[in-house]
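Novice: Curious how this folds, go ahead:
(one chain, ligands or ions: 1)
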Amino acid sequence: MAEKRPKNLDPFWQRLRRKLRWRSGRGWNAHDFARRYQGTDDAWSYRNSPRHQRRADLLMAALPRETFGAALEVGCAEGFLSEYLSARVAHLIACDLSREAISHARENCKGFPQIDFRVADIRHDFPGEELDLCLFSDVLFYLSQREIEATLKEAARRIKPGGFLVMAQEWKDYYSNLTPPSHVLSRLDASADWVLSTDITLHSINGVGYLMIAVYQRTAMSGGPAQGVGFA
Ligand SMILES: C[S@@+](CC[C@H](N)C(=O)[O-])C[C@H]1O[C@@H](n2cnc3c(N)ncnc32)[C@H](O)[C@@H]1O
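Specialist: All right, here's what the predicted structure looks like:
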């Protein structure tokens, strides 16, 4: 059965502000997620969801190595994937622009003291150096095209040559004011910083969309300075 379009949690004025911001080339901000994180520690209904369990399994299976040294998870929300990743990584930083999400993540992942949870907006504050792995799961679509360009440039500076950038992205037919994953692929493909490491995989979601997983490897080319937003 086709999945129903979820109810938008935000009031009309907030959606309008977001739309205008989007049209001026700026992506979502912490206010856009505030309502979602109120009064729950499972804001995205990941816990006990067979579909999200399968998504996590697919993602873990797609990682190009069994274990990694230093890794960054961008947009970790309440730590659902962080738990899985932590089993494969010696040092994991997991960041999110939402203070509430990080506070829930610290609580949810109490049994995983090795995960370093941080509040950070990846557009202005990219944590970690000499990374072996950087995971962007269901997060880059909240950034505008200009912000994605700058973030990928910064990722190239932070990920070691030979290290990996993994993008996992769900995309559904009715999405709006979001950047599709095909745009991210086109920017990665156009850059000398990255080379596609394994075949891109597409997994259908209930007949209304797909989950895309793409793994790129950092080449030995110079990353160069990020242009456009945030980064000095
Ligand atoms: C849909 S959840 C995805 C959670 C997790 N990555 C996963 O795939 O299970 C998106 C998360 O990305 C965070 N986010 C959005 N834009 C961000 C940014 N610019 N920097 C850091 N986190 C961001 C949101 O706050 C939200 O918690």
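Novice: what about the closest residue to the ligand within the chain, distance to Pro161?
Specialist: Closest approach of the chain to the ligand (C-beta to the nearest ligand atom) occurs at Gly75, with a separation of 2.8 Å. The way it works is simple: take the backbone N, C-alpha and C, and place the C-beta from them, glycine included. According to C-beta to C-beta, to the nearest Å, Gly75 stands 25 Å off from Pro161.
Novice: Repeat that for Leu92.
Specialist: Applying C-beta to C-beta, the value for Leu92 to Pro161 is 21 Å.
Novice: for the biggest strand by length in the chain, packing partners?
Specialist: The longest strand of the chain (DSSP state E) is strand 159-172. Packing contacts for strand 159-172, counted by 3 or more C-beta pairs under 8 Å, 6 or more residues apart in numbering; DSSP states H and E, involve helix 50-62, strand 131-137, helix 181-190, strand 209-218.
Novice: Taking strand 159-172 as reference, get the angle to the shortest one.
Specialist: Read that as strand 131-137. Computed by axes from the mean of the first three to the mean of the last three C-alpha atoms, to 10 degrees, the angle separating strand 131-137 from strand 159-172 equals 10 degrees.
Novice: Can you name the residues of this protein sitting close to the ligand?
Specialist: 28, 33, 44, 74-77, 80-81, 95-98, 101, 121-123, 137-139, 142 (C-beta under 6 Å from any ligand atom).
Novice: hmm, which of these are the buried ones?
Specialist: With burial judged by 16 or more other C-beta atoms under 10 Å, the buried subset of the residues of the chain next to the ligand is 28, 33, 74-77, 80-81, 95-98, 101, 121-123, 137-139, 142.
Novice: surely Ala34 meets Arg99?
Specialist: No: contact criterion C-beta atoms under 8 Å: Ala34 and Arg99 do not qualify, at 9.2 Å.
Novice: more neighbours, the two?
Specialist: Applying other C-beta atoms under 10 Å to Ala34 and Arg99 shows that Ala34 carries more neighbours, namely 16 against 13.
Novice: what's the pLDDT at the more buried one?
Specialist: What the model reports as pLDDT for Ala34 is 93.
Novice: Could you measure from it over to Glu100?
Specialist: 7 Å.
Novice: quick one on the thing from earlier: give the residues shared as contacts by Ala34 and Arg99.
Specialist: Between them, Ala34 and Arg99 share no contacting residue under C-beta atoms under 8 Å, 6 or more residues apart in numbering.
Novice: need the helices for the protein, in chain order.
Specialist: 12-23, 30-34, 50-62, 80-86, 99-108, 145-158, 181-190 (DSSP state H).
Novice: In CSV, list the ones you listed along with distance to Thr219.
Specialist: What follows is these, written out as CSV (distance: least, C-beta to C-beta, whole Å):
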stretch, distance to Thr219
helix 12-23, 32
helix 30-34, 33
helix 50-62, 20
helix 80-86, 24
helix 99-108, 32
helix 145-158, 9
helix 181-190, 11
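Novice: Would you mind saying which of the ones you listed lies nearest Glu129?
Specialist: Evaluated with C-beta to C-beta, those place helix 145-158 nearest to Glu129, the distance being 6.1 Å.
Novice: Would you mind pulling up the elements that that closest one packs against?
Specialist: Going by 3+ C-beta pairs under 8 Å, 6+ apart, helix 145-158 lies up against strand 131-137, helix 181-190.
Novice: And it, how far out from the chain middle?
Specialist: 13 Å (C-alpha atoms, centre = their mean, to the nearest Å).
Novice: Perfect, I'm done here.
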